[in-house]
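Asker: What follows is a protein structure lacking sequence information:
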């Protein structure tokens, strides 16, 4: 059995919790919270935050998987519907952008939000995303959806090994220019285009992996392996723990597509209690809004607010509660506007 919407939503729940932990706890000094468990000179929670870098590769993997499915099932309607999906996503983003720009008028003490009307327009129209560091993926996600038909055709028509080798090469080259040898140009527009190209390159490999998994029905084949449930869970936990330990010793983001794919396969393969699935589905359903808002509560607008909770688990819980409450508020106008869009459709 291939992935269901529930499987995808649970994976988004894992990804968004990982993203929040990455941004809160992946730091080795100047702790704004009180770590409780240390491994030598490093707090244990740092390693959980580090492993949270599976978040973006997970979203890219799920996007590639979904785009391959939609490309195969929607036919010619796919080309039009993807623009509608982008519009709906942008409506959600625009609501968040406007809400926090307005809040910035009253609560921003650092002069970063909204700054000026021109800066607001830069954020609103995506060419100057300065309000929130996590928003960089907004443009990358849109580009991935736009290039998806061409990528899916390549996945379907070319040898999968070659597709993997090419996308892997693109990934390593883009990673080099993103983290090791960043380039800047005299013209801001050229710099912006180059930055988007590099970000796309570092996101393309997990996107292609998702499409390849859908093409070859890999999850179904793994799920159909006839071994006792206890042994299957033991193997999944062992692989997941190995990936975690491996990343502790190799802390570079370059391995994130590998650890993300391994984590997803293990999660989808093993037995999960219903309560775990329900919790992850809940967070998965709010994942877009948590992604778009969480940085405002500790870094940008309400600086260090969540760190008032002091201890890591309390900090994480406080952050998620704030984001969920915000998500419910954002969804009020969002659902109304999406209904209007559907009526026009």
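Answerer: Right, received. Where do you want to start? Here the structure is a predicted model, which is why all the values come from computation and not from measurement. Numbering: from 1, shown residues only.
Asker: In the chain, which residue is most central in space?
Answerer: Nearest to the mean C-alpha position of the chain, by C-alpha atoms, centre = their mean, lies residue 56 at 3.5 Å.
Asker: Can you point out the buried residues in the one helix or strand that one maps to?
Answerer: Taking DSSP states H and E as the criterion, residue 56 maps to helix 55-74. Using 16 or more other C-beta atoms under 10 Å as the test for burial, helix 55-74 gives 55-71. Just so you know, the C-beta spots here come from the backbone N, C-alpha and C atoms, and that holds for glycine as well.
Asker: Counting neighbours, what do you get for residue 117?
Answerer: Counted by other C-beta atoms under 10 Å, the residues lying close to residue 117 total 10.
Asker: Quick one, grab the pLDDT at it.
Answerer: On pLDDT, residue 117 comes in at 94.
Asker: and it, backbone torsions?
Answerer: Here is the backbone geometry of residue 117 (degrees, to the nearest 10): phi -70, psi -40.
Asker: which stretches of the chain form strands?
Answerer: Assigned strands in the chain, in chain order: 38-39, 42-43 (criterion: DSSP state E).
Asker: Now tabulate those in CSV and tack on mean pLDDT and mean neighbour count.
Answerer: Converted to CSV, the strands of the chain look like this (pLDDT from 0 to 100; neighbours: other C-beta atoms under 10 Å):
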stretch, mean pLDDT, mean neighbour count
strand 38-39, 95, 10
strand 42-43, 96, 17
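Asker: quick one: residue 202 and residue 175 touch, right?
Answerer: Yes. Using C-beta atoms under 8 Å, residue 202 is in contact with residue 175, at 5.5 Å.
Asker: Excluding chain neighbours, what is closest to residue 102?
Answerer: Spatially, and ignoring its direct neighbours in sequence, residue 102 is nearest to residue 114 (8.0 Å; C-beta to C-beta, 6 or more residues apart in numbering).
Asker: okay, now that neighbour: neighbour count?
Answerer: Residues within reach of residue 114, counting by other C-beta under 10 Å, total 23.
Asker: Isn't it up against residue 98?
Answerer: No. In this structure, residue 114 is not within contact of residue 98 by C-beta under 8 Å, at 9.6 Å.
Asker: So for the closest residue to residue 113 other than its chain neighbours, what's the pLDDT?
Answerer: The spatially closest residue to residue 113, leaving aside those adjacent along the chain, is residue 104, at 3.1 Å (C-beta to C-beta, 6+ apart). Here, the pLDDT recorded for residue 104 equals 93.
Asker: Contacts only, for residue 104.
Answerer: The contact partners of residue 104, taken as C-beta atoms under 8 Å, 6 or more residues apart in numbering, are 112-114, 131, 301.
Asker: rerun at 6 Å
Answerer: Neighbouring residues of residue 104 by C-beta atoms under 6 Å, 6 or more residues apart in numbering: 113-114, 301.
Asker: Can you tell me which of those is nearest residue 76?
Answerer: Within the contacts of residue 104, proximity to residue 76 (C-beta to C-beta) peaks at residue 114, which comes in at 41.7 Å.
Asker: And the pLDDT for the closest one?
Answerer: On pLDDT, residue 114 comes in at 91.
Asker: So it versus residue 337, what's the distance?
Answerer: 21 Å (C-beta to C-beta, to the nearest Å).
Asker: go on, residue 217?
Answerer: 37 Å.
Asker: tell me which residues of the longest helix seen in the chain are tucked away?
Answerer: Longest among the helix segments of the chain by residue count, using DSSP state H, is helix 312-344. For helix 312-344, burial by neighbour count (16+ other C-beta under 10 Å) applies to 312, 315-316, 318-320, 322-324, 326-327, 330-331, 334.
Asker: Show me what it is packed against.
Answerer: Packing contacts for helix 312-344, counted by 3 or more C-beta pairs under 6 Å, 6 or more residues apart in numbering; DSSP states H and E, involve helix 77-107, helix 287-293.
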